[in-house]
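Q: next comes the sequence, and after it the predicted model I'd like to discuss.
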Amino acid sequence: MNIPRVFSFSIFLFLLSTFAFLISPSAFPQGGSLTPPGAPAPTMKTLDQVQPRTLIPAGTAVYTISSEGSYYLGGNLSIASGNAITVNANNVTIDLQGFEVIGTGGSAGIFLNGGVSNVTIRNGTIRNFTSDGINGQGNSTVRVEKVRALNNAGSGIVVDLNGAVIDCAAEANGAVGIVGTDNCVIQHCQSIGNTGANSHGIAVANAAQISGCVARNNAGSGIVTGTDSTLSACVATNNTTGGISVGDSCTILNSTANQNGMNGGTTAGSHGIAAAGAFTITNCTGNKNTGDGLSVSGGSPGATVHNSTFNGNTLNGIDASIGSVVTACITNNNGGQGINAQLGCRVQDCTADLNAGNGIVLLGVCRAIDNDCRQNSAAGILAQTAGGSRIEGNNVVVNINQGIMVTTTNCLIIRNSARANFAVNYSIVAGNRYGPIVDITAGGTAAVSGSSAADTTTTTHPWANFSY
């Protein structure tokens, strides 16, 4: 059907007027005035908002911090005299931002005036100062993180009471690499090649916690602590005067002290681990030291030593003080005794092989229980001096002299077995008690194939000793 032109044009005009009404401003009510109230407000952050810290300028000028707050280094700082950065305020954080603080003649890299507390220093290198890299002596709660202290004439990093040194390195300094006092925490640090006299790798006072640290090639000892401290997962190797040295009531776990004294140390004192007084050591190693693998001095109650290995040391594998307990340890190829046990010690479930002296020496009122002693250059087990020891359930084989030798009195020797010791299997002086010694070295009986067989030990005595 054809629509008349006049009608079509009328429809077009109607639609056009409707659209014009819809887009007219008057078709929509307004919520308020469209007139701007004023100039636009700033939308960018201020510099203080972007970096709410105080800049320590790079260059050659020393800097003093006199008020609390957060500070950051803007570039390398090279100082010819004085302390590069001096802290005179509490509650300060210094971020070195990966830059270096360099001494071209300056005293200390960062110096904390005595009495300040709660200072944190992190993320950079401090080197070549004529004194310490960081000197926090006389201050409390100083924390140093991810700092390298290199080639300073004094110590690398020094913190005091309740200090912490985390993820740091102290290398080639002229004194102790890392120093702390009571209640310090030293974690995941390296202290290497510090060169001055008695320059220990790490030296702390009492109740310290040291974990995951490496101390090697230092002119003193690797790690030195006072009393009541704990060391775990540490390594102390190739230090001149010893590996690890601790005071009374300390604990050492999962640590290694090898080859100390090999770079110029003395035979008498370069022990792998040395302890004064009672302490606990578990899962540790002390090998190839120019001294004892483990040296324990002091009186009763002595040390507790468990599941540890001391091989190839110039002197004894273990030299245990009065009242020590040594269990499940291995002492092989040492230049002295495998285990030298003072009065009142217990040595149990240990192995002492191929030592240049005796396997185990008991110096009185000791117990040696269920140990294996093989191919030692003297006796497998020697009981001497004070007497009164109990030697029970041990196996002594192919020792160059006696298997079990008792040169003192009032000892009890039961349930042991000995074979092919070059001198004799048993040598026991008068005045002791022992179970029967049964010689079963002659050829045994016929082979066995079945669920039962006759007793071929030739004795049913429960305390019998055997030569087999």
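A: On my side now, so go ahead.
Q: spit out the contact partners of the residue lying closest to residue 258 once chain neighbours are set aside.
A: Nearest residue to residue 258 in three dimensions, chain neighbours excluded: residue 287, at 4.6 Å (CB to CB, 6 or more residues apart in numbering). C-beta coordinates here come from the backbone N, C-alpha and C atoms, glycine included. By CB atoms under 8 Å, 6 or more residues apart in numbering, the contact set of residue 287 is 258, 259, 272, 293, 309, 310, 311, 312, 313.
Q: find the residue closest to residue 463 in space, skipping its chain neighbours.
A: Take residue 463 and drop its neighbours on the chain: the residue closest to it by CB to CB, 6+ apart is residue 435, 3.2 Å away.
Q: count residues in the vicinity of the one you found, would you?
A: 18 (other CB atoms under 10 Å).
Q: quickly name whichever of the contacts of residue 287 is closest to residue 179.
A: Residue 179 lies nearest to residue 272 out of the contacts of residue 287, by CB to CB, at 22.6 Å.
Q: in three-state terms, label residue 170 for me.
A: strand (DSSP: H, G, I helix; E, B strand; the rest coil).
Q: can you name the residues bridging to it?
A: residue 149, residue 191 (DSSP bridges).
Q: any idea how far residue 366 is from residue 323?
A: 10 Å (CB to CB, to the nearest Å).
Q: now residue 216
A: 36 Å.
Q: quick one: which of the two has more around it?
A: Between residue 216 and residue 366, residue 366 has the larger neighbour count (other CB under 10 Å), namely 27 against 20.
Q: report how many residues lie close to residue 436.
A: 12.
Q: find the nearest non-adjacent residue to it, please.
A: residue 464 (4.9 Å).
Q: and that neighbour, what does it touch?
A: Here residue 464 is in contact with 414, 415, 435, 436, 437, 438, 457 (CB under 8 Å, 6+ apart).
Q: that older thread, helix, strand, or coil at the residue nearest to residue 258?
A: Residue 287 is classified as coil under three-state DSSP.
Q: need the phi and psi values for it.
A: phi -120, psi 150 (degrees, to the nearest 10).
Q: what's the pLDDT at it?
A: pLDDT for residue 287: 97.
Q: residue 360 versus that one, what's the distance?
A: Taking CB to CB, one finds residue 287 at 19 Å from residue 360.
Q: what's the burial count for the residue nearest to residue 365 when sequence neighbours are not counted?
A: Leaving out its chain neighbours, the residue that sits closest to residue 365 by CB to CB, 6+ apart is residue 388, at 4.4 Å. Per other CB under 10 Å, the neighbour tally for residue 388 reads 17.
Q: next up, the contacts around residue 388.
A: 364, 365, 408, 410, 411.
Q: next one: residue 393
A: Here residue 393 is in contact with 369, 370, 414, 415, 416 (CB under 8 Å, 6+ apart).
Q: how far away is it from residue 98?
A: 62 Å.
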